[in-house]
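**Q** coordinates only, sequence not included:
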């Protein structure tokens, strides 16, 4: 129920929130000391594998679960212990949870009706919302008569109609097929920009998270591992889990030769050295063997003898727009290069010994 | 070939047809025929056509002046009491059955079976014995009065036996599981995320109950109400034991005609009236409930 104007500042502040199910030895920590600030008007994503606690965190914000410890403020107001129907937060549920006995219009108007708004306002907002999600023609249908994508739109409209401060979306696209999912991604982003409402989006799909979010938090085992823009998370992962979960990654075990500020000089198999960025909060020692990551598109094949590394071709996999080339380094570590396909390009022969050039500044030293 | 398969069809459905004719239509036909015959001297019927039985369902003649016809107030009082008590029984069962079914449906899955089992335990004991148990509780020297007297809350035993209240208590007790089970079945199918969606959209607990839960478990209420109302109308044992002659219901009135009354045609005519009441109630009920649901929503 924000007045629609974009306000800067913090929408949701989560301080050391923990959630424990069960007691004593059977206690299960679903959330451990979560600290998180979600800014007003941003598209924020909680990303993680199933069981990482992202949905529980969303339910804590919605008010369906109460934190075992910690504080939760929405627009500066402490909401711990406040019932869901008193929070100016609405949820789009994973399986939509549309009321089967109500029409599309009744579903969308439900929140306003419960808020005791006058009939005229409910009708006006309902038709505005149906227009927004392009469902005007379906006003008198029941949810069972709609396709998955249409139900999704109604669920969105229903949650947006009361103009909440925050919209929570619990894997809303997971039940849709690929094409529809892509459409709805664009649609969601458009709605978020048009309404200016803070979106908190939960997903296990890294591509969804990267394409839609302003910022995202990667979660695993009840903790937030890294928080940042999609660009930061993709290019500067702090932990092995983050690098592995987002996109495809090459992990290399390399020895540190020297550390200069936030970069480290690493020894590559074959004798050459390379500069790598050091992930925030990490202090590698000289002589230590560390994990370094580089994305498959951040390396290029080169003539034998040139480049940073000498490699053997293991195999190639054709993906249409690009080809993955699987390589083995001199010390036996494996490496994958993604090469964009162009016309008339020859694929390297299996068993060929060639060179590999790593893009400068692409390599990142991380935890784990 | 075609007539062959046709014949097979008839052979295959014949067991069902035999059961339907022998168990349902046949006896009904006999009752209908008996209702237009004359009573036999020692019970039974004599095969003379007469509408006297149907006449006497609603009217009565003065013993000394057969031309003096008045409405049969006794019969009408029994009809009225039957409908009213059955209606109240249905309401009480719904009021008690809803929280009971809700309690069971919100238990962990592995415990629900235990509660459902406990709900069905009374069915294991003979109805008559359970009814006598209620009598033992509420009679003048029964448990309730003894405790109340001992506590000093009353000076004389409260007359509970042979009242409408006793019949209502007995029928509600006997028919409650018939309401709880279909309600539970409806709640078991209820998607509790819809309840969360209701809370999320600013509905209070009461509003969620009214706008979300009740409409969704309505099929359970309909099934439960039919299952309670119809046997209530035809109840015999409970009003007989707990209501006696003072709080008689249609079942007892009919039973009386075949017993001491020795007027089988009147009993048959009353039975037909009972049947008509049940059918009318059922049609009326289904009409209003199907109109409300509109018949084209996603519910079962």
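**A** All right, it came through fine. Please read all numbers here as calculations on a predicted model, not as lab measurements.
**Q** Please give me every residue in contact with the closest residue to residue A:168 other than its chain neighbours.
**A** Nearest residue to residue A:168, sequence neighbours excluded (C-beta to C-beta, 6 or more residues apart in numbering or on different chains): residue A:91, at 4.5 Å. In this view, the C-beta of every residue, glycine as well, is placed from N, C-alpha and C. The contact partners of residue A:91, by C-beta atoms under 8 Å, 6 or more residues apart in numbering or on different chains, come to A:58, A:62, A:159, A:167-170, B:196-197, B:200.
**Q** Show me the two of those that sit farthest apart.
**A** A:167 and B:196 (15.5 Å; C-beta to C-beta).
**Q** rewinding a little: next step: the contacts of residue A:91 restricted to strands.
**A** Using DSSP state E to define strands, the subset of the contacts of residue A:91 located there is A:167-170.
**Q** picking up where we left off before, show the average pLDDT along the host helix or strand of the residue nearest to residue A:168.
**A** Per DSSP states H and E: residue A:91 is located in strand A:89-92. Strand A:89-92 shows a mean pLDDT of 94.
**Q** Would you mark the buried spots in it?
**A** Within strand A:89-92, the residues scored as buried using 16 or more other C-beta atoms under 10 Å in any protein chain shown are A:89-92.
**Q** Same question for stretch B:235-247.
**A** Under the neighbour-count criterion of 16+ other C-beta under 10 Å, stretch B:235-247 has B:235, B:237-243, B:247 buried.
**Q** For the host helix or strand of residue A:290, name the packing helices and strands.
**A** Assigned by DSSP H and E, residue A:290 belongs to strand A:289-294. Applying 3 or more C-beta pairs under 8 Å, 6 or more residues apart in numbering or on different chains; DSSP states H and E, one finds that strand A:289-294 contacts helix A:240-245, strand A:250-260, strand A:263-267, strand A:364-366.
**Q** closest point of the stretch 101-250 of chain A to chain B, which residue?
**A** residue A:144 (2.9 Å; C-beta to the nearest C-beta).
**Q** Tell me where chain B is predicted with low confidence.
**A** For chain B, the stretches with pLDDT under 70 are B:1-3, B:291-300.
**Q** Check for me that residue A:19 belongs to a strand.
**A** Yes: counting by DSSP: H, G, I helix; E, B strand; the rest coil, residue A:19 falls inside a strand.
**Q** That one: what's it in contact with?
**A** If you count contacts by C-beta under 8 Å, 6+ apart, residue A:19 has them with A:29-31, A:53, A:56, A:60, A:65, A:67-68, A:222.
**Q** now those residues: which count as buried?
**A** A:29-31, A:53, A:56, A:60, A:65, A:67, A:222.
**Q** and which of the residues you listed is nearest residue B:285?
**A** Comparing the buried ones among the contacts of residue A:19 against residue B:285 with C-beta to C-beta places residue A:65 closest, at 41.7 Å.
**Q** Hmm, residue B:278 and residue B:234 touching each other?
**A** Yes: judged on C-beta atoms under 8 Å, residue B:234 makes contact with residue B:278 at a distance of 7.4 Å.
**Q** for the stretch 151-300 of chain A, which spans come out with low pLDDT?
**A** In the stretch 151-300 of chain A (pLDDT under 70), no residue qualifies.
**Q** who in it is up against chain B?
**A** With C-beta under 8 Å from any C-beta of the partner chain as the criterion, the stretch 151-300 of chain A meets chain B at residues A:158-159, A:162.
**Q** now swap in the stretch 1-150 of chain A and tell me
**A** Contact residues, the stretch 1-150 of chain A versus chain B (C-beta under 8 Å from any C-beta): A:62-64, A:83-86, A:89-91, A:93, A:95, A:97-101, A:110-111, A:114-115, A:142-145.
**Q** how deep is residue B:27 tucked in, by neighbour count?
**A** Residue B:27 is flanked by 11 other residues according to other C-beta atoms under 10 Å in any protein chain shown.
**Q** In terms of helices and strands, where is it?
**A** For residue B:27, the element it lies in under DSSP H and E is helix B:26-34.
**Q** What's the first helix or strand after that helix?
**A** Per DSSP H and E, the helix or strand that comes after helix B:26-34 is strand B:38-39.
**Q** Deepest-packed of the helices and strands packed on strand A:289-294, please.
**A** A comparison of these by mean neighbour count, using mean count of other C-beta atoms under 10 Å in any protein chain shown, puts strand A:364-366 on top with a mean of 24.
**Q** Adjacent strands (with direction) for it?
**A** Here strand A:364-366 has these sheet partners by DSSP bridges: strand A:273-278 (parallel), strand A:289-294 (antiparallel).
**Q** Point out the most buried one among the ones you listed.
**A** By mean count of other C-beta under 10 Å, the strands paired with strand A:364-366 have strand A:289-294 as the most buried, with a mean of 20.
**Q** List the contacts of it.
**A** Contact with strand A:289-294 is made by A:237, A:240, A:243, A:249-256, A:264, A:266, A:276, A:284, A:358-359, A:362-368, as judged by C-beta under 8 Å, 6+ apart.
**Q** Check stretch B:32-46 too.
**A** Applying C-beta under 8 Å, 6+ apart, the set of residues contacting stretch B:32-46 is B:47-54, B:258, B:262-266, B:268-269, B:271-272.
**Q** related to what we said a few turns ago, the more surrounded of residue A:167 and residue B:196?
**A** Set residue A:167 next to residue B:196 and count neighbours by other C-beta under 10 Å: residue A:167 wins out with 23 against 20.
**Q** Relative to residue A:219, how far out is the more buried one?
**A** The gap separating residue A:167 from residue A:219 is 19 Å, by C-beta to C-beta, to the nearest Å.
**Q** where along chain B do the strands fall?
**A** Counting by DSSP E, residue ranges of the strands within chain B are B:38-39, B:45-46, B:59-61, B:69-71.
**Q** which neighbours does the second one have in its sheet, and in what orientation?
**A** Here strand B:45-46 is paired, per DSSP bridges, with strand B:38-39 (antiparallel).
**Q** center of chain A, which residue is that?
**A** With distances taken as C-alpha atoms, centre = their mean, residue A:209 lies nearest the centre of chain A, 3.1 Å away.
**Q** Would you check that that one makes contact with residue A:230?
**A** Yes: in this structure residue A:209 lies within contact range of residue A:230 using C-beta under 8 Å: 7.0 Å.
**Q** Next up, the contacts around residue A:352.
**A** Applying C-beta under 8 Å, 6+ apart to residue A:352 gives the contacts A:312-313.
**Q** measure residue B:47 to chain A for me?
**A** Going from residue B:47 to chain A by C-beta to the nearest C-beta, to the nearest Å gives 56 Å.
**Q** Now that residue. Its backbone dihedrals?
**A** Main-chain torsions, residue B:47, degrees, to the nearest 10: phi -80, psi 60.
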